[in-house]
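**Student:** Predicted model and sequence below, questions to follow.
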Amino acid sequence: MLENKPRDVQVFPVGTDTRVLRSRSWARLRFEIEYALAKGTTANSYLIEGDKTALIDPPGETFTQIYLEALKQRFDITKIDYVIIGHVNPNRAATLRALREVAPQITFVCSNPGAINLRQILEDENLPIIVMKREESLDLGKGHHLQFIPTPNPRYPDHLCTYDPQTEILYTDKLFGAHICGDQVFDEGWQVFLEDRRYYFECLMAPHARQVETALEKLSEFPARLYAPNHGSLVRDGLIELTKVYRQGVQQQATQDITVALIYASAYGNTATVAQAIAHGITKAGVRVESINCEFAEPAEIQAAVEKAAGFIIGSPTLGGHAPTPVQTALGIVLSTATNSKLAGVFGSFGWSGEAIGLIEGKLKDAGYRLGFEPIRVKFKPNDVILQMCEETGTDFAQILKKGKKVRAPIQPATSVEQALGRIIGSLCVVTAKQGDISSAMLASWVSQASFSPPGLTIAVAKDRALEPLMYSGNKFVLNILKEGNHLGLMKHFLKPFAPGEDRFAEVAYKDGDNGCPILSDALAYLECSVQSRMEIGDHWLIYATLDSGQVLNLDGVTAVHHRKSGTHY
């Protein structure tokens, strides 16, 4: 299995005097929502050898040893002049310290917020750093006159892109990446990775659509033949198409008529991870997120976001038994700006006590705000189950806002087209899926056989369904076909509203299938399936899956069928 392949470093030339060092892991490395597809990852670093040498974005401590060994085999590591950091991540500290031990002459190059973070994680106030602004450049010789483009966003306020006009390579750091591991260095047949890149965009970039749009405008001024991101294959063949995908994603967020202000600060990255999961749940429900890191935002920016938002959510770590000063300041702005008719939410992470979450909750309740969910309290680093709960919480919050904004119109008779569409019938089924510790299910009637060879079927899944994150290419699921006469109990169970993270199978008889997904004991028949592809169709995803195995559990039973009178609802 891929998960058992050892980690390694793939080295490959990508331009004149330029190589990529792709530190690869086929296993998932950490609990963060953008890794949820569990296809492994690459941490891409780049070496440019002019008259002087620059190393761009060394990987985190997971790869420190194998990365340094690969670097030493191909280059005199003691001669590195510059280390360029696109964003400062604390888990890079081990690699950066190891580099400084063998090459103490190294000068770091980063943005101003990056310099502050870098001095903190390396615990050295005298660290040699060149702070790069957009107007400044770095001459490595041999034509490699590097230019720098600050592209900050709330999650990565220190984000910095680098452009080499000699090779026309744009080093994009977090932009245009994907968490997927393989041998392919460049994106030949770029659509193969489109699903992974889109998921990455939706998780990391969609909550920062305004800042991403600004970044795209800045980057458009640099004629690139290659995007060199932090993760995944390098973008060459699909450069224009992927840029278009990003612009479309930004535009889609801009056209949403409901906005949530997501305001937070994060001491060690855990609160930011929770914020990201909540934001992903909100955006997949068709509501825009205005994400604000209050450590770096101006008061006017917070005030403007809260004024236009239909609801707001505040997240905070607990430091010394209190919320940090930027969160307290932001809370004051919210209380003086937002009417108490706006829906509110609170979350946070903590190491030992977590008082900040309760303090914020109390202030909001005292001011008369209605909370859209019970405050989320995460001790230490969130795991997969917690992140799934946070995503579902975000979706529920968005749905409350959408329902509140709807104006109930007089019920109109269904049109002839709607009546005709409603006469399309489908078998009643329950789709069940499990991946690791996460499981989910949904009632489905939009199911159809799609192919003979291989035997396959399609299922339409609404974008805001809790099951949706488990229905990507490579995932497994079970289609449980219900039996006429005993289907009402299962229908009632799976139609009821579930709380975020609630076990869908707590009151249902089932067994695990060969693919690990639940098979309902009262089903008429079941099919174990593998997702092959998915296509966006309006407000749904159309999932195409092939069949691995199946069985009829009741040979005398008849399939339960869903009859509708209108095609405007299920």
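**Tutor:** That came through, no problem.
**Student:** so how many other residues sit close to the closest residue to A178 other than its chain neighbours?
**Tutor:** Leaving aside its sequence neighbours, A178 sits nearest to G232 (CB to CB, 6 or more residues apart in numbering; 3.7 Å). Where C-beta positions appear, they are placed from N, C-alpha and C, glycine not excepted. Neighbour count for G232, taken as other CB atoms under 10 Å: 24.
**Student:** before we move on, what about R19?
**Tutor:** Neighbours around R19, by other CB under 10 Å: 18.
**Student:** can you check L99 too?
**Tutor:** With other CB under 10 Å as criterion, L99 counts 22.
**Student:** who's in contact with it?
**Tutor:** With contact taken as CB atoms under 8 Å, 6 or more residues apart in numbering, L99 is in contact with 55, 58, 68, 77, 80, 83, 106.
**Student:** Secondary structure element for it, which one?
**Tutor:** Per DSSP states H and E, L99 falls inside helix 93-102.
**Student:** who does the strand or helix carrying T329 touch, helix- and strand-wise?
**Tutor:** Per DSSP H and E, T329 falls inside helix 325-337. Helix 325-337 makes packing contacts with strand 259-264, helix 299-308, strand 311-315, helix 355-366 when contacts are defined by 3 or more CB pairs under 8 Å, 6 or more residues apart in numbering; DSSP states H and E.
**Student:** residues in contact with the helix or strand following the last one?
**Tutor:** Toward the C-terminal end, the helix or strand that comes next after helix 355-366 (DSSP H and E) is strand 370-371. Taking contacts as CB under 8 Å, 6+ apart, the residues outside strand 370-371 that touch it are 340, 343-346, 361, 364-365.
**Student:** Can you tell me the closest non-neighbouring residue to L140?
**Tutor:** Closest to L140 by CB to CB, 6+ apart is G50, at 3.3 Å.
**Student:** where's the helix holding T329 relative to the chain centroid, distance-wise?
**Tutor:** Chain-centre distance of helix 325-337: 27 Å, with CA atoms, centre = their mean, to the nearest Å.
**Student:** Let me know the next secondary structure element after the helix or strand of the chain with the lowest mean pLDDT.
**Tutor:** Confidence across the helices and strands of the chain bottoms out at helix 416-422, with a mean of 89, counting by mean pLDDT, DSSP states H and E. Counting by DSSP H and E, the element after helix 416-422 in chain order, helix or strand, is strand 426-427.
**Student:** List the neighbouring strands of that next one plus their orientation.
**Tutor:** Take DSSP bridges as the rule and strand 426-427 pairs in its sheet with strand 561-562 (antiparallel).
**Student:** pLDDT wise, what is E484 at?
**Tutor:** Per-residue pLDDT puts E484 at 95.
**Student:** dump the residue contacts of it.
**Tutor:** 524, 557-561.
**Student:** make it 7 Å
**Tutor:** By CB atoms under 7 Å, 6 or more residues apart in numbering, the residues touching E484 are 558-560.
**Student:** And for whatever helix or strand comes next after the helix holding T329, what's in contact with it?
**Tutor:** Sequence-wise, the next helix or strand downstream of helix 325-337 (DSSP H and E) is strand 343-350. For strand 343-350, contacts defined as CB under 7 Å, 6+ apart pick out 270-271, 274, 278, 310-318, 354, 356-357, 360-361, 364, 369-373, 375-379, 397, 400-401.
**Student:** quick one on the thing from earlier: what angle separates the helix holding T329 from strand 259-264?
**Tutor:** Taking axes from the mean of the first three to the mean of the last three CA atoms, to 10 degrees, helix 325-337 and strand 259-264 form an angle of 150 degrees between their directions.
**Student:** so how far is the least confident helix or strand of the chain off the chain centroid?
**Tutor:** With CA atoms, centre = their mean, you get 38 Å for helix 416-422.
**Student:** so L47 touches D57, yeah?
**Tutor:** No - L47 lies out of contact with D57 (CB atoms under 7 Å); the separation is 10.6 Å.
**Student:** that older thread, what about the residue nearest to A178, which helix or strand?
**Tutor:** Applying DSSP H and E, one finds G232 in no helix or strand.
**Student:** contacting residues for it?
**Tutor:** Neighbours of G232 in contact, by CB under 7 Å, 6+ apart: 42, 177-180, 193.
**Student:** mind checking how far it is from L204?
**Tutor:** G232 sits 12 Å away from L204, taking CB to CB, to the nearest Å as the criterion.
**Student:** Any idea what the closest residue to P375 other than its chain neighbours is bridged to?
**Tutor:** Spatial nearest neighbour of P375, chain neighbours left out: V346 (4.3 Å); criterion: CB to CB, 6+ apart. Listed beta-bridge partners, V346: I314 (assigned using DSSP bridges).
**Student:** Retrieve the pLDDT associated with V346.
**Tutor:** pLDDT, V346: 98.
**Student:** Number of residues surrounding it?
**Tutor:** V346: 28 neighbours (other CB under 10 Å).
**Student:** what's the spacing between it and E391?
**Tutor:** Distance from V346 to E391, by CB to CB: 17 Å.
**Student:** Which residue lies nearest the spatial centre of this structure?
**Tutor:** Central residue check for the chain by CA atoms, centre = their mean: the C-alpha nearest the mean position is that of C203, 2.1 Å away.
**Student:** thinking again about what came up before, and the helix holding L99, which residues are buried?
**Tutor:** 93-96, 98-100 (16 or more other CB atoms under 10 Å).
**Student:** Please identify which of those is nearest to I459.
**Tutor:** For these, the residue nearest I459 by CB to CB is T95; the value is 43.8 Å.
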